[in-house]
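Chemist: Here you go, sequence then predicted model.
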Amino acid sequence: MSLVFDNVSYSYENDGDFAVKDVSFALQDGKLLGIIGHTGSGKSTMTKMMNALISPTTGKVFVDGEDINASKEAKRQVKSKVALVFQYPDYQFFSSTVFEDIAFGPRNMGVPEDEMMRRIEKAMHKVGFDFDEISQRSPFELSGGQKRRLAIAEALVMKPKIMVLDEPMAGLDPRGRAALAKLLRSLRDDGVTLILVSHNMEDIAELSDEILVMKDGSICMQGTPREIFVHAEELREINLGIPIETRFANWLSEAGMPMPECVIGLEELVEAIASAFKERAHE
Amino acid sequence: MSSIILGTYIQGESILHRLDPRFKLIFALIYFAAVFTAPGFYGLILSLAFTMLFIALSKIPVGKIVKSVLPLIYILIFAAIINAFFTNEGTIYWHWGIFTISSTGLYNAAFYTIRLGILFIGMTLLTLTTSSVDITDASERLLGWLKAIKLPVHEICMMLGIALRFLPVFADEFFKIKAAQESRGATFSSGGLIKRTKALLPIAIPLMASAFRHAEGLTQAMESRCYHGAAGRTKLREMRLGSNDWMAMGVMALMLSGAIVMRVLL
């Protein structure tokens, strides 16, 4: 439980209008948590509180048991424990070379040069960059998918325990999407706890171990993808859909084909259809 | 976040909203002149009375008006301090080095600060009730005569309009960039002046890069709609003066003449 929200509320204008209200949850280490919710449901505000970019109006956020808003120093230190990757990577590049841009974070945190070198090489390797080829190029001339990966490398170089990604798949082509999904899984296997904020139910269903559903600033559902997406009706009421594979299975089931209650992912769908046909052949 | 931007247009249907924007610009000038002409305590009352009338007519909640002038409070404080500490007239209460607190200084500090405050509120009403498109369109028409001396009035106004239009966009991006860099451990509020200025680079460069991206996109959008500057360009909306506009002109004339009469008599 390295990240804990304890009765957290946040109001932007301090006027009793809460963007996040009474949110409590504990993040399981080494898992991938998906956060979904309609626009304005408080997802962004939540992510900004995870590394003390903003402090809760009431309630507390703990990382490794320590209140991250306790002091200025605590707020600074948490940045190397919880890394945020924002939706638009263009908003953070400013150096003339990729190397210098990745070095910005560790230098801010006072990491020694030789240690920093090692970290940068490792982070670039992790996201699939060839050090010799990319490190001296300008971040501004990279492609969209490469920029996204650079932003992830810039988070990784901080050696975070927890990485929060806001809409990391947005604007990527199918191949870039698949590559990123693979990268996220391998990060989780390395022991980095991941939080994924997304509008895309397929990505969330495919990658998450657990899902938080946000509505009007509060958590309205929490559970595994199967526990969440079985509630298609309730999700539709808060303007959220279910993954296309699940929806397809539901249609088939309505049309009379025997299907398991909640199908998650393409593989499961294919298997379910295959076994339905097999059963029919037996009869 | 947009509330940070000074006097961003608030849509509405009030009389003030519907006035001809050309006249509104002229009214703003008259208002400016009147507030500065009206002398002394009674002058302030005159200015305040008209300003309150305009606020009532605009139907914009007072809270929003206050919020949009609040960032200007530093200018007011600055003006008050300059007047209070650097005027050497009347009874002297306190003196130290170049600093002097005198009766005239204190009076001036209060008077000019209130006057400036009233002026700010009045001027915000213009931008609160007039969209930036209308303001640029109106200034283009009002300055049309300058074309006679080969000034590219349309182009200048277009540039101004685009700049105004993008202010909230850049403000929004500024905060996003700041959050992204803070997440990477950047600090913007410690160290000396040089260190702090240097710390702004990681914000300034992405912001500039983004400005170029926006410019590129906007250029393409404008060119694909065959924009080619002022030559042969017609207007979507013709501006026509109505009875409301002339009535408003009457009110403004009253305010200015009131101020002038006070100036002469008092």
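Modeler: Perfect, I can see it now.
Chemist: residue ranges for the strands of the chain, please.
Modeler: Defaulting to chain A. A:3-10, A:20-27, A:32-37, A:58-63, A:66-67, A:82-85, A:162-166, A:193-197, A:210-215, A:218-223 (DSSP state E).
Chemist: That was the other one, I meant chain B.
Modeler: Using DSSP E, strands in chain B cover B:92-96, B:99-102.
Chemist: quick one: buried residues of stretch B:119-134?
Modeler: Using 16 or more other C-beta atoms under 10 Å in any protein chain shown as the test for burial, stretch B:119-134 gives B:119-132, B:134. For every residue, glycine as well, the C-beta is placed using N, CA and C.
Chemist: Residue B:15: neighbouring residues, count only.
Modeler: Residue B:15 is flanked by 15 other residues according to other C-beta atoms under 10 Å in any protein chain shown.
Chemist: tell me the contacts of the residue nearest the centre of chain A?
Modeler: Centroid check for chain A by C-alpha atoms, centre = their mean gives residue A:196 as the closest residue, at 1.4 Å. If you count contacts by C-beta atoms under 8 Å, 6 or more residues apart in numbering or on different chains, residue A:196 has them with A:32-35, A:165, A:168, A:184, A:203-204, A:207-208.
Chemist: If you tally nearby residues, what's the number for residue A:13?
Modeler: Residue A:13 has 9 neighbours, counted by other C-beta under 10 Å.
Chemist: what's the answer for residue A:156, then?
Modeler: Using other C-beta under 10 Å, residue A:156 has 26 other residues around it.
Chemist: if I look at the nearest residue to it once chain neighbours are set aside, how far off is residue A:190?
Modeler: The shortest distance from residue A:156 to any non-neighbouring residue, by C-beta to C-beta, 6 or more residues apart in numbering or on different chains, is to residue A:123 (4.1 Å). Using C-beta to C-beta, to the nearest Å, residue A:123 is found at 12 Å from residue A:190.
Chemist: Then residue B:75?
Modeler: According to C-beta to C-beta, residue B:75 stands 53 Å off from residue A:190.
Chemist: Surely residue B:239 is in contact with residue B:23?
Modeler: No: because the distance of 9.1 Å does not satisfy C-beta atoms under 8 Å, residue B:239 is recorded as not touching residue B:23.
Chemist: Please say which of these two ends up with more neighbours.
Modeler: residue B:23 (21 against 14).
Chemist: Spit out the contact partners of the closest residue to the more buried one other than its chain neighbours.
Modeler: Nearest residue to residue B:23, sequence neighbours excluded (C-beta to C-beta, 6+ apart): residue B:245, at 4.9 Å. By C-beta under 8 Å, 6+ apart, the contact set of residue B:245 is B:19-20, B:23.
Chemist: cool, residue B:80 as well?
Modeler: So residue B:80 contacts B:109-110, B:112-113 (C-beta under 8 Å, 6+ apart).
Chemist: Tell me the predicted confidence for it.
Modeler: For residue B:80, the model assigns a pLDDT of 90.
Chemist: could the strands of chain A go into TSV alongside mean pLDDT?
Modeler: Listed next are those as TSV, based on pLDDT from 0 to 100:
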stretch	mean pLDDT
strand A:3-10	92
strand A:20-27	91
strand A:32-37	92
strand A:58-63	92
strand A:66-67	90
strand A:82-85	93
strand A:162-166	93
strand A:193-197	94
strand A:210-215	92
strand A:218-223	91
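Chemist: More neighbours: which of residue B:75 and residue A:190?
Modeler: Taking other C-beta under 10 Å, residue B:75 and residue A:190 do not tie; residue B:75 has more neighbours (14 against 10).
Chemist: mind checking how far the nearest residue to that one once chain neighbours are set aside is from chain A?
Modeler: Spatial nearest neighbour of residue B:75, chain neighbours left out: residue B:116 (7.2 Å); criterion: C-beta to C-beta, 6+ apart. Residue B:116 sits at a distance of 26 Å from chain A (criterion: C-beta to the nearest C-beta, to the nearest Å).
Chemist: Now for residue B:116, how many residues are close by?
Modeler: If you count neighbours by other C-beta under 10 Å, residue B:116 ends up with 17.
Chemist: List the contacts of it.
Modeler: B:75-76, B:79.
Chemist: just to revisit the earlier point, which of the contacts of residue B:80 lies closest to residue B:102?
Modeler: residue B:109 (10.2 Å; C-beta to C-beta).
Chemist: Check the gap between the closest one and residue B:82 for me.
Modeler: Residue B:109 is 8 Å from residue B:82, by C-beta to C-beta.
Chemist: Pick out whichever of the two has more residues nearby.
Modeler: residue B:109 (20 against 14).
Chemist: my read: the more buried one touches residue B:83, true?
Modeler: Yes: using C-beta under 8 Å, residue B:109 is in contact with residue B:83, at 3.9 Å.
Chemist: Now do the spatially closest residue to residue B:170 that is not a sequence neighbour, the pLDDT please.
Modeler: Distances taken as C-beta to C-beta, 6+ apart place residue B:207 nearest to residue B:170, at 6.5 Å, with adjacent residues excluded. The score at residue B:207 is 93. That number is its pLDDT.
Chemist: which one of the strands of chain B lies closest to residue A:97?
Modeler: Using C-beta to C-beta, the strands of chain B put strand B:99-102 closest to residue A:97, at 51.2 Å.
Chemist: residue in the stretch 51-200 of chain B nearest to chain A?
Modeler: residue B:185 (3.3 Å; C-beta to the nearest C-beta).
Chemist: neighbours of that residue, just the number please.
Modeler: Neighbour tally, residue B:185, other C-beta under 10 Å: 22.
Chemist: my guess is it meets residue A:105, correct?
Modeler: Yes: if you go by C-beta under 8 Å, residue B:185 and residue A:105 touch, sitting 5.5 Å apart.
Chemist: mind listing what residue A:129 touches?
Modeler: Residue A:129 sits next to A:98, A:135, A:146, A:149-150, A:153 when contact means C-beta under 8 Å, 6+ apart.
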